[in-house]
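Asks: Please find the sequence and the predicted model below.
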Amino acid sequence: MAAPSYTEDLTDIDLAETTGPYEAVGGGGAGLSADPDFAIQVTNSITKQVSNARKGILFDNGTGISIPAGDHIYVWIYCTTPGLLDTLAVGGLCVSIGNATNARNEFHVVGAAEYAQGGWPNVPINYVTTSSGSHPYRTLVGSPSGNPQFFGVIADTTDTVKAVNTSVDVMRYGTGAYITAGEVADPATFEGFATQNDNTSNRWGILTAIDGGFSLQGRFVVGQNNSQTPTLAYFEDANTLVVLADTFHSTTDFTQIIVDHASTTFNMTGVSVLALGTNNPGRLVYNNASTTSALTSCNFTGIGISTLRAGVTASGCVWTDSEKVTANEADVNGSSFLTSAAAAGDAALQWDETLTAAKTLAKLDNTSFSQGTAAHHAITFGTGVDENITLTGCDFTGFASGDDVDGSVFEFLATSGSLNLNLVGCTTDDTFSVDDSAGITVTVVIDPVATKVTVQDSGDAPLQNARVFLETGDDGTTGFPYQDAVTSLTQSAGVATLTSTGLHGLDTGDKVVVRGAQPDDYNKVAAITVTTTSIFTYAVDSGIAATATGTPVYSYVAVHGLTDINGEITASKTWPAPQSLTGWARLTNATSPFYAQAPIAIPDASGGTDLLTTLPDDE
């Protein structure tokens, strides 16, 4: 690739080089001049004296300008007597835009207090005539309508001024910066763009160098996915600050760092992005899943929505007081999402993924979350997350202890089925609460261990579709049910309801084996739905007797199913105490080879099990 290219999409309204198209407004002598002493861009700026009055300078374009949707107007304005300006609320120094000299919006930019450091203010303005007068920092003059034709500056001074003190310079409209090309040896950088932005021949006002970093207002687009001229970029920067300016006359999402091209590389290390305002807090947006990006130890404070993609790795980054982060399968291992500004019922982090099997979500490992002002969730899992998932080393602080409420730690949007949420080494200051009110049933399993059985033949070849059954082999100490007695066992419409004589300690989705009931249809291995601490239900034939007789008992079933292509079957569970398992493995074939059943005995399953079982030949 070539050296980086730094461009912008700004269209000139006027460069303020000659007074011809300008006129004074607000009464008094015209006193306009093209003054090189005041200029910030190219040669001249247009100046006027404003003394103890509200006056200004307007450029007449001769016809209205149709500003494209999304574009903002940038106007450089200046006052050499900031201490004599009126307040921001009154409109000390304003950008004025309208369709006539008596039909304008005066957009308040600074007052005496805000102008303490002096300089040339330049803020992006979304010119909307409707309801403009209702804004706390706008003054409506007349009834502006249609496309704007007049652009300039208005100053309101509160005392006598003895010399020229008010100026307007280059005026433009557009969206912002566009960065293309670059390579590992010569990457695009914030400084590279700011150098072009701050050149006196340009003065774009988009990304400006400030002490310790840069100030951004508008789009900062790295790579372009434009269908006419798609261009990629290589961007890399480190250890700097990017301030998102407080632009209270812009749309709320105007300032954005956008990584746009699928083949673009965008790397930042130790970069802090700080939003100064709430009207336009800025956004971080990746538009393509294939983009390669490493965000390492970066800080995002007070910013708006972040939209990541699968190609992004955000390692050790911190989002503080910021709006929702939509991960889109980005790797955020080790990152933190603190005092999130997400809305009530929303989430600090959105995780959307379509699962077809149980999965350990390693990309979310070692993350930390704390609740902000609103009752939001830490993580919302999208509709495609409907299989068992595992999180490791995550920490959650300040979230609601109740399930199915705004502010529960986790939210699941899947509408049916059930899953286990396995939490390994995770911590919370209260409860691992879950909102699964969308329809799926979620069981939280804390620090589970795996019970794994591998079945092979006498030649050490794995056996697929071997059935493995393991149930509790003793009571243990406060363990899972072992031949526990039943108070009642009934069925209605094919749903059996079992009431235990004691607490069962089980979760929805667990399996039990029931024995000793009459009729025999009640006796089976079944997945259960928990209704109380001593009652659960399971499916039976709806034609059997409504009430079971005999002496039914039930035990917990840890493993029940068929081995996979590797001869393996695995189940995870948190064991409250040491407890044994007993059972068998078998494989029934219609034709040779034939195998005998093999017994299985596990003295203690509470610490995890990885057992190899061989089925003897039975020819």
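Replies: Great, that's in hand. Residues are numbered from 1 along each chain as shown.

Asks: Show me the shaky parts of the stretch 501-619 of the chain.
Replies: Judged against pLDDT under 70, the stretch 501-619 of the chain has no low-scoring part.

Asks: which stretches of it form helices?
Replies: For the stretch 501-619 of the chain, no helices are identified by DSSP state H, counting those that start in this stretch.

Asks: Please apply the same query to the chain.
Replies: Taking DSSP state H to define them, one finds helices in the chain at 190-197.

Asks: and the longest strand seen in it, which strands flank it?
Replies: Ranked by residue count under DSSP state E, the longest strand found in the chain is strand 549-562. The pairing partners recorded for strand 549-562 under DSSP bridges are strand 467-472 (antiparallel), strand 484-492 (antiparallel), strand 511-518 (antiparallel).

Asks: can the ones you listed go into CSV with extra columns for mean neighbour count?
Replies: Where you see a C-beta, it was placed from the backbone N, CA and C, and this is true even at glycine. As requested, the strands paired with strand 549-562 are exported to CSV (neighbours: other C-beta atoms under 10 Å):
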stretch, mean neighbour count
strand 467-472, 23
strand 484-492, 17
strand 511-518, 20
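
Asks: Of all those strands, which one is nearest Leu364?
Replies: For the strands paired with strand 549-562, distance to Leu364 was read as C-beta to C-beta. The smallest value, 28.0 Å, belongs to strand 511-518.

Asks: so how far is Val109 from Thr301?
Replies: Computed as C-beta to C-beta, to the nearest Å, the Thr301 to Val109 distance reads 25 Å.

Asks: buried stuff in the longest strand of the chain?
Replies: Pro552, Val553, Tyr554, Ser555, Tyr556, Val557, Ala558, Val559, His560, Gly561 (16 or more other C-beta atoms under 10 Å).

Asks: ok, residues contacting that strand?
Replies: With contact meaning C-beta atoms under 8 Å, 6 or more residues apart in numbering, strand 549-562 is reached by 451, 453, 464-472, 480-486, 489, 498, 500, 506, 510-518, 522-523, 525, 569, 571, 573, 581, 583, 605.

Asks: Go again with 7 Å.
Replies: 451, 453, 465-472, 480-486, 489, 498, 506, 510-518, 522, 525, 569, 571, 573, 581, 605 (C-beta atoms under 7 Å, 6 or more residues apart in numbering).

Asks: Same check on stretch 208-215?
Replies: Phe190, Ala194, Asn197, Asp198, Leu207, Thr240, Leu241, Val242, Val243, Ala245.

Asks: Give me the buried entries from those.
Replies: Phe190, Ala194, Asn197, Leu207, Thr240, Leu241, Val242, Val243, Ala245.

Asks: Neighbours of the residue nearest to Asp365 when sequence neighbours are not counted, how many?
Replies: Nearest residue to Asp365 in three dimensions, chain neighbours excluded: Thr392, at 4.6 Å (C-beta to C-beta, 6 or more residues apart in numbering). Thr392 has 17 neighbours, counted by other C-beta atoms under 10 Å.

Asks: ok, Thr392 - contacts?
Replies: Thr392 sits in contact with Asp365, Val424, Gly425, where contact means C-beta under 7 Å, 6+ apart.

Asks: Check the spacing between it and Val424 real quick.
Replies: From Thr392 to Val424 the distance is 4 Å (C-beta to C-beta).

Asks: swap in Ser66?
Replies: 59 Å.

Asks: Tell me which of the two has more neighbours.
Replies: Higher neighbour count among Ser66 and Val424: Val424, with 18 against 10, using other C-beta under 10 Å.

Asks: Could you pull up the contacting residues of that one?
Replies: Going by C-beta under 7 Å, 6+ apart, Val424 touches Thr390, Thr392, Asp447, Pro448.

Asks: repeat that for 6 Å
Replies: Neighbouring residues of Val424 by C-beta atoms under 6 Å, 6 or more residues apart in numbering: Thr392, Asp447.

Asks: start the count at 755, not 1, going forward
Replies: Fine by me, first position is 755 from now on; the one you just mentioned is Val1178.

Asks: about what we covered before: would you turn the strands paired with strand 1303-1316 into TSV with distance to Leu1167?
Replies: Formatted as TSV, those follow (distance: least, C-beta to C-beta, whole Å):
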stretch	distance to Leu1167
strand 1221-1226	33
strand 1238-1246	31
strand 1265-1272	26
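
Asks: Check what pLDDT the residue most central in space within the chain gets.
Replies: Central residue of the chain (C-alpha atoms, centre = their mean): Val1079, 1.0 Å from the mean position. Val1079 carries a pLDDT score of 98 in this model.

Asks: quick one, domains of this protein?
Replies: Domain assignment for the chain by automatic domain parsing gives 764-927, 929-1141+1160-1168, 1204-1368.

Asks: List just the one of the ones you listed that sits closest to Gly1193.
Replies: domain 929-1141+1160-1168 (6.8 Å).

Asks: what residue ranges in this structure score low on pLDDT?
Replies: For the chain, the stretches flagged by pLDDT under 70 are 755, 781-784, 870-872, 883-888, 980-984.

Asks: and with 80 instead?
Replies: The model of the chain has pLDDT under 80 over residues 755, 781-784, 870-872, 882-889, 979-984, 1231-1232.

Asks: returning to what we had before: among the contacts of stretch 962-969, which are in strands?
Replies: Of the contacts of stretch 962-969, the ones assigned to strands by DSSP E are Leu961, Leu995, Val996, Val997.

Asks: what's across from the closest residue to the last one other than its chain neighbours in the sheet?
Replies: Same thing as Val997. Closest residue to Val997 apart from its sequence neighbours, by C-beta to C-beta, 6+ apart: Ser969 at 4.7 Å. Here Ser969 shows beta-bridge partners Thr962, Val997, assigned using DSSP bridges.
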